[in-house]
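> structural data only, the sequence is not supplied:
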């Protein structure tokens, strides 16, 4: 699990050779989500305040 970023106790990581569409994972305590990079669609559960932070990561990776 290659770690891309770690901030505010949220770990952002990507797995190589994983299924499409391109996405990253975010882990916060016992919560974990995957976020599609192109669309920002989220799969999984996360505390509401942490969703905003991880969505910001999706936006910054598109640029």
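On my side now, so go ahead. Note that the coordinates shown come from a computational prediction; the quantities given were computed from them, not determined experimentally.
> please, where are all the strands along this protein?
3-7, 10-13, 23-28, 31-36, 42-45 (DSSP state E).
> can you add mean neighbour count and mean pLDDT and give those back as CSV?
For every residue, glycine as well, the C-beta is placed using N, CA and C. Output for these, formatted as CSV (neighbours: other C-beta atoms under 10 Å; pLDDT from 0 to 100):
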stretch, mean neighbour count, mean pLDDT
strand 3-7, 11, 85
strand 10-13, 17, 89
strand 23-28, 20, 90
strand 31-36, 17, 90
strand 42-45, 12, 87
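> in space, what's closest to residue 36 - neighbours in sequence excluded?
Once flanking residues are discounted, residue 36 sits nearest to residue 23: 4.8 Å by C-beta to C-beta, 6 or more residues apart in numbering.
> what's the one you found in contact with, if anything?
Going by C-beta atoms under 8 Å, 6 or more residues apart in numbering, residue 23 touches 14, 34-37.
> can you rerun that using 6 Å?
By C-beta atoms under 6 Å, 6 or more residues apart in numbering, the residues touching residue 23 are 34-37.
> likewise residue 3?
residue 13.
> same check, this time on residue 16
Counted by C-beta under 6 Å, 6+ apart, residue 16 has zero contacts.
> use 35 as the first number for this chain going forward.
From this message on, residue numbering opens at 35, which makes the last subject residue 50.
> for it, give me phi and psi.
Here is the backbone geometry of residue 50 (degrees, to the nearest 10): phi -80, psi 150.
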